[in-house]
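Enquirer: Show me how the following folds:
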Amino acid sequence: MKVLVYLSLAIWVIINFAGCKSGEEIIRFKPYKPKDYITKEIKVCEVKERLYPILDSIIIKAEECPMYQNLKMKTAFSFWISPGDTLTISVVYSPKFRNHAEWTDAIFYYGGYDFYCDGFADSFLKDTGRTTTISCIDPKKYQFEMHFRGDMDMYWTYSYENDQIVNIGYGHCLEK
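Expert: Numbering: from 1, shown residues only. Got it, this is the predicted structure:
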């Protein structure tokens, strides 16, 4: 009888806990169709000369990082300007898969790379008066940044104070 009670208890425990979900969430991704894309017009800018040494240094660091070498797709950079002229530049590992619909206001080209800008500040950029178009996923249909890599990608943060650019933070290159 005691064996039967223990056996019943064991079966009850197995039935109740076998259906428990793990801590991982499964995201159902519905592939985008051509009708999900839009064409967005953005400004073409030029970077001011005061940033040339910083951009040269960032490009060299990114090219030296093993994580970005031998990629089939060329990396790009995001150039984010927040209030108070704080600037963050980060490597975009797979620019083809990034959705620029909501946050890209402008683009500039430097050192053979594309820099996608979120925001515009006269202290860093010059408006050329030109525009270009990019194809991106309609923000109303956008689901998830498929290639978001979190802290894996390199970034640099600067502040602009008293006509000086000051480095206030950076992320290191991680090995593959």
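Enquirer: and residue 57, which of the three is it?
Expert: The three-state label given to residue 57 by DSSP: H, G, I helix; E, B strand; the rest coil is helix.
Enquirer: Neighbours of it, how many?
Expert: Neighbour count of residue 57, defined by other CB atoms under 10 Å: 12. Where you see a C-beta, it was placed from the backbone N, CA and C, and this is true even at glycine.
Enquirer: who are the neighbours in contact with it?
Expert: Listed by CB atoms under 8 Å, 6 or more residues apart in numbering, residue 57 has no contact partners.
Enquirer: any idea how far residue 136 is from it?
Expert: 29 Å (CB to CB, to the nearest Å).
Enquirer: again with residue 60
Expert: Distance of residue 60 to residue 136, computed by CB to CB: 29 Å.
Enquirer: Next: residue 74.
Expert: Residue 74 sits 18 Å away from residue 136, going by CB to CB.
Enquirer: Tell me which of the two has more neighbours.
Expert: Counted by other CB under 10 Å, residue 74 and residue 136 do not tie: residue 136 has more neighbours, with 20 against 13.
Enquirer: Any buried residues in stretch 76-85, and which?
Expert: 76, 77, 78, 79, 80, 81, 85 (16 or more other CB atoms under 10 Å).
Enquirer: count of residues packed around residue 125?
Expert: Using other CB under 10 Å, residue 125 is surrounded by 21 other residues.
Enquirer: and it, what pLDDT?
Expert: According to the prediction, residue 125 has pLDDT 89.
Enquirer: Residue 151 now?
Expert: pLDDT, read off for residue 151, is 52.
Enquirer: can you check residue 74 too?
Expert: Value listed for residue 74 in the pLDDT field: 78.
Enquirer: Could you do residue 63 as well?
Expert: With respect to pLDDT, residue 63 scores 86.
Enquirer: just the one 4 residues further on next, same as before
Expert: The model reports residue 67 with a pLDDT of 78.
Enquirer: Quick check: it is in a helix.
Expert: Yes. Counting by three-state DSSP, one finds residue 67 located in a helix.
Enquirer: After the biggest strand by length in the chain, which helix or strand is next?
Expert: In the chain, with assignment by DSSP state E, the single longest strand is strand 125-137. The helix or strand immediately downstream of strand 125-137 is strand 155-161, counting by DSSP states H and E.
Enquirer: Can you give me the buried ones in that next one?
Expert: When burial is assessed from 16+ other CB under 10 Å, strand 155-161 yields the following buried residues: 155, 156, 157, 158, 160.
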